[in-house]
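Q: just the structure for this:
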Amino acid sequence: VGNPNCGKTTLFNALTGSHQKVGNWPGVTVERKSGSFRFADYDCEIVDLPGIYSMEQDYLGLDEKIARDFLVRGEFD
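A: Residues are numbered from 1 along each chain as shown. Sure thing, here's the model as predicted:
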């Protein structure tokens, strides 16, 4: 979770070996992506979400709503 265009997808790609699209502008990630990687003896799932500036529903774009809804549902450890 983080602001748009701060490197979330770059980190996701590095950890998972994925090749998700990245760009030097906000709004490249517009949907939820899942990937996995192994850390020590643990199999981990990581989720790449669109960037979000606020949790305020009244000010969110569609991509930010995807991130907010994922966080509100609490489907993570």
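Q: show the backbone phi and psi for residue 38.
A: Here is the backbone geometry of residue 38 (degrees, to the nearest 10): phi -110, psi 130.
Q: quick check: beta-bridge partners of it?
A: Assessed by DSSP bridges, residue 38 has beta-bridge partners residue 43.
Q: since we're on it, how many residues are nearby?
A: Residue 38: 9 surrounding residues under other Cβ atoms under 10 Å. For every residue, glycine as well, the C-beta is placed using N, CA and C.
Q: can you list the residues that contact the helix or strand bottoming out on mean pLDDT in the chain?
A: Every helix and strand of the chain was ranked by mean pLDDT, DSSP states H and E. The lowest is helix 62-73, at a mean of 89. Helix 62-73 is contacted from outside by 1, 27, 29-32, 47, 49-55, 57, 60, 76, using Cβ atoms under 8 Å, 6 or more residues apart in numbering.
Q: could I have the buried ones of those residues as ChimeraX selection syntax?
A: Per 16 or more other Cβ atoms under 10 Å, the buried members of the contacts of helix 62-73 correspond to this ChimeraX selection:
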select :29,49,50,51,52,60
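Q: now, the contacts of helix 62-73 that are in strands?
A: Counting by DSSP state E, these place residue 47 in strands.
Q: quick one on the thing from earlier: alpha carbons only: can I get the least confident helix or strand of the chain in CSV?
A: C-alpha atoms of helix 62-73 as CSV (Å, rounded to 0.1, in the frame of the first residue of the first chain):
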residue,chain,number,x,y,z
LEU,A,62,-12.0,3.9,-9.5
ASP,A,63,-8.4,2.5,-9.2
GLU,A,64,-8.1,3.9,-5.6
LYS,A,65,-11.5,2.3,-4.7
ILE,A,66,-10.0,-1.1,-5.6
ALA,A,67,-7.1,-0.5,-3.1
ARG,A,68,-9.5,0.9,-0.4
ASP,A,69,-12.0,-2.0,-0.8
PHE,A,70,-9.2,-4.6,-0.4
LEU,A,71,-8.0,-2.9,2.7
VAL,A,72,-11.4,-2.5,4.2
ARG,A,73,-12.3,-6.2,3.6
